[in-house]
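Here is a sequence together with a model predicted from it:
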Amino acid sequence: MREINLIVIHCTATKNGVSVPVQTIARWHKSRGFKAIGYHYIIQPDGHVDVGRDEETPGAHAKGFNAHSIGVCLVGGLGGPDKLNPGLYTEAAWESLRIVAQDLMDRYPEARVVGHRDLSPDLDGDGEVEPHEWLKLCPAFEVRDWLANFMQPTEDQVFHV
């Protein structure tokens, strides 16, 4: 069994509220040289959870962290033309994220839950990865705040279809 120490939350940076077939995401990843889809779980706007890679197979979702992590991706995050909308996902997607994250946290109690952007390097060495240091904006919300809020989004983070 693989040792898991990270659960990494991602987004597709696609239009909010619009599903993206898992086969499409797999095609995107294969075109980037991955053998298969890089995520373990993909959460659609309607709350449906697609399974990507088997958990025993290292992902291809967070360079340098794949060997010991699980990748969970929310479909959406894009509000306007090429602009990530801060944490804007459907209620169904937020609920599925809560369920998937809780299940993973129960099964991997030593794992930290982070956003992809939280894995950016701490360039100024102050012990915190700050917005000016992010290499990615994904998942477009502060995962630690979501966790502290009992895995509930704030009202301004809910995309109403």
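Happy to help now that I have it.

going forward, measure contacts between C-alpha atoms and count neighbours the same way
OK.

got a list of contacts for the top helix by length along the chain?
The longest helix of the chain (DSSP state H) is helix 91-107. For helix 91-107, contacts defined as C-alpha atoms under 8 Å, 6 or more residues apart in numbering pick out 7, 43-49, 74, 111, 151-153, 158-160.

filter the residues you listed to the buried ones?
Among the contacts of helix 91-107, those classed as buried by 16 or more other C-alpha atoms under 10 Å are 7, 43-47, 49, 74, 111, 151-153, 158-159.

So which of the residues you listed are in helices?
Using DSSP H, none of those sit in helices.

thinking again about what came up before, can you give me how far the longest helix of the chain is from the chain middle?
Distance of helix 91-107 from the chain centroid (C-alpha atoms, centre = their mean, to the nearest Å) equals 11 Å.

following that helix, which helix or strand comes up?
strand 112-115 (DSSP states H and E).

So for that following strand, what gets flagged as buried?
For strand 112-115, a neighbour-count test (16+ other C-alpha under 10 Å) marks V113, V114, G115 as buried.

Show the average pLDDT along it.
Mean pLDDT, computed over strand 112-115, is 97.

Neighbouring strands - and their directions - for it?
Each strand that pairs with strand 112-115, with its direction, by DSSP bridges: strand 6-11 (parallel).

After the partner strand, which helix or strand is next? Please name it.
strand 14-15.

just for this protein, where's the confidence low?
Within the chain, the stretches with pLDDT under 70 are 79-87, 161.

would you put the C-alpha positions of stretch 146-161 in PDB?
Only the C-alpha atoms of stretch 146-161 are listed here, as PDB (Å, rounded to 0.1, in the frame of the first residue of the first chain):
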ATOM      1  CA  TRP A 146     -12.600  25.700   3.900                       C
ATOM      2  CA  LEU A 147     -11.300  23.100   6.300                       C
ATOM      3  CA  ALA A 148     -11.500  25.500   9.300                       C
ATOM      4  CA  ASN A 149     -15.100  26.300   8.200                       C
ATOM      5  CA  PHE A 150     -16.000  22.600   8.700                       C
ATOM      6  CA  MET A 151     -15.600  21.900   5.000                       C
ATOM      7  CA  GLN A 152     -18.300  24.300   4.100                       C
ATOM      8  CA  PRO A 153     -18.000  27.100   1.400                       C
ATOM      9  CA  THR A 154     -19.000  30.600   2.100                       C
ATOM     10  CA  GLU A 155     -22.100  31.900   0.300                       C
ATOM     11  CA  ASP A 156     -20.000  33.900  -2.100                       C
ATOM     12  CA  GLN A 157     -18.200  30.700  -3.200                       C
ATOM     13  CA  VAL A 158     -21.300  28.900  -4.400                       C
ATOM     14  CA  PHE A 159     -22.100  29.000  -8.100                       C
ATOM     15  CA  HIS A 160     -25.800  28.900  -8.700                       C
ATOM     16  CA  VAL A 161     -26.700  27.200 -11.900                       C
END
